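>>> take this sequence and fold it.
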Amino acid sequence: MTVTVAICTRDRAPILAETLTHLRATVGEAPDAVEVLMVDNGSSDATPEVAARFADWPAFRSVTEPRPGLSHARNRALAASAAEWLLYLDDDAFVWPGWLDALRGAIAREGVVLIGGPIEPRFEAPPPAWFDPASVRRTFGPEGPLSDAAAREGFSGGNLGVRRSALEAVEGFDGRLGMIAGTLGLGEETELAGRLVDRFGNATWHAPAMGVDHLEPSWKQTPRYVARRAFVNGRQAWRYVGGGRGRKAGFSALKAVKQAGTGLLRLPLAVVRPGALHGVLKGLSTGAGAAVGVVRAARSSGTASGDA
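Below is the predicted model of the structure:
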């Protein structure tokens, strides 16, 4: 087996069924050297029934991971697969025609350990006027390696490929990061990218044809959610500063502070231009999260010094 397409999920049976149906129609019944692995991360809904519906798909199988957390589920996929590559696909991501061919082309590149493709939003309903659609669009430029700076941020985890040997070498995803049982968490794929760059250098490859459409439900286009996500984003940027790992992670604290400054500068615009509200919310909330992260990192560093 060359590629395991891993779909980690928890309590999202309806959209999971749509995703698997679309993937099956796109890649075929038995694509050569490709398997589709569903990881059920403790679902309490009809997810097992959805998996049973696809039992007749030769390329498909499912496993469970009882420890809550997206990173734990992704590591379970690593343990359950014998493939040379793992391609992590969100349970609400719909692959483009030609996605599989682009994937195969990317993994054939010598020396590459991290691959990815663009993500376009599929809005459940037209977003409100103040919401910036570009905030949920992920593009990475032309085909080829990312810049050295971009390599530390990596690709979105919703459409992310990692060479198995490299993922094992850095001991997989950090189980403390990412979504945990429905609780918003971020940064696990960026933190991983930083460790991969530290170990292997810039061994990335962007495949523009390896794209997906990602579902964006309406509840994510609310001021409350945008602010909350940005706050968590900023706080996460400082998570490992005290321990050293975060200094080199692409999810940089400097970027969080810069976004906060941008939010302050845009504040007057939000009064006269509704479209500026998104940037204000994102910038100020990122800065607030970064401030909380700095305090936590300082406390952690102080505690460690005291113990020493």
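>>> how does this protein divide up, domain by domain?
3-219, 223-307 (automatic domain parsing).
>>> what number of residues lie near T9?
Using other C-beta atoms under 10 Å as the criterion, T9 is surrounded by 25 other residues. Quick note: C-beta positions are derived from backbone N, CA and C, even for glycine.
>>> got the contact list for it?
Shown in contact with T9 (C-beta atoms under 8 Å, 6 or more residues apart in numbering): 16, 38-41, 43, 47, 73, 91.
>>> same question for G185.
Taking C-beta under 8 Å, 6+ apart, we find G185 in contact with 69-70, 177-179, 232, 236.
>>> in JSON lines, list the residues you listed along with distance to D101.
Shown next, in JSON lines, are those (distance: C-beta to C-beta, whole Å):
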{"residue": "G69", "distance to D101": "33"}
{"residue": "L70", "distance to D101": "28"}
{"residue": "L177", "distance to D101": "32"}
{"residue": "G178", "distance to D101": "29"}
{"residue": "M179", "distance to D101": "30"}
{"residue": "V232", "distance to D101": "36"}
{"residue": "Q236", "distance to D101": "35"}
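>>> next, format these as JSON lines and append pLDDT, neighbour count and distance to S285.
What follows is these, written out as JSON lines (pLDDT from 0 to 100; neighbours: other C-beta atoms under 10 Å; distance: C-beta to C-beta, whole Å):
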{"residue": "G69", "pLDDT": "95", "neighbour count": "25", "distance to S285": "23"}
{"residue": "L70", "pLDDT": "96", "neighbour count": "26", "distance to S285": "22"}
{"residue": "L177", "pLDDT": "86", "neighbour count": "22", "distance to S285": "19"}
{"residue": "G178", "pLDDT": "85", "neighbour count": "25", "distance to S285": "19"}
{"residue": "M179", "pLDDT": "84", "neighbour count": "19", "distance to S285": "18"}
{"residue": "V232", "pLDDT": "79", "neighbour count": "20", "distance to S285": "9"}
{"residue": "Q236", "pLDDT": "70", "neighbour count": "25", "distance to S285": "12"}
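>>> show me which of these is closest to H278.
Ranked by distance to H278 (C-beta to C-beta), those are led by V232 at 16.4 Å.
>>> so that closest one lies in a helix, does it not?
Yes - counting by DSSP: H, G, I helix; E, B strand; the rest coil, V232 is part of a helix.
>>> circling back: lowest-confidence stretch among the domains of the chain?
Confidence, taken as mean pLDDT, is least for domain 223-307 of the domains of the chain (a mean of 59).
>>> returning to what we had before: and the contacts of T9, which of them are in strands?
Mapping these onto strands (DSSP state E) picks out 38-40.
>>> can you pull the contacts of Y225?
With contact set as C-beta under 8 Å, 6+ apart, Y225 has these partners: W219.
>>> how about it, phi and psi?
Phi and psi for Y225, reported as degrees, to the nearest 10, are phi -70, psi -40.
>>> cool, F155 as well?
Main-chain dihedrals, F155, degrees, to the nearest 10: phi -110, psi 170.
>>> make sure it is actually in contact with V113.
No - between F155 and V113 there is no contact under C-beta atoms under 8 Å: 12.0 Å.
>>> would you map the helices across the stretch 1-150 of the chain?
Taking DSSP state H, counting those that start in this stretch as the criterion, the stretch 1-150 of the chain carries its helices at 13-27, 47-53, 70-80, 99-107, 148-153.
>>> and these, which is most packed in?
Highest mean neighbour count among those (mean count of other C-beta atoms under 10 Å): helix 70-80, with a mean of 22.
>>> measure how far that one is from the centre of its chain, please.
Centroid displacement of helix 70-80 relative to its chain, using C-alpha atoms, centre = their mean, to the nearest Å, is 14 Å.
>>> now do that helix: which elements does it pack against?
In terms of contacts (3 or more C-beta pairs under 8 Å, 6 or more residues apart in numbering; DSSP states H and E), helix 70-80 is packed against strand 3-9, strand 34-40, strand 60-64, strand 85-89, helix 164-169, helix 188-200.
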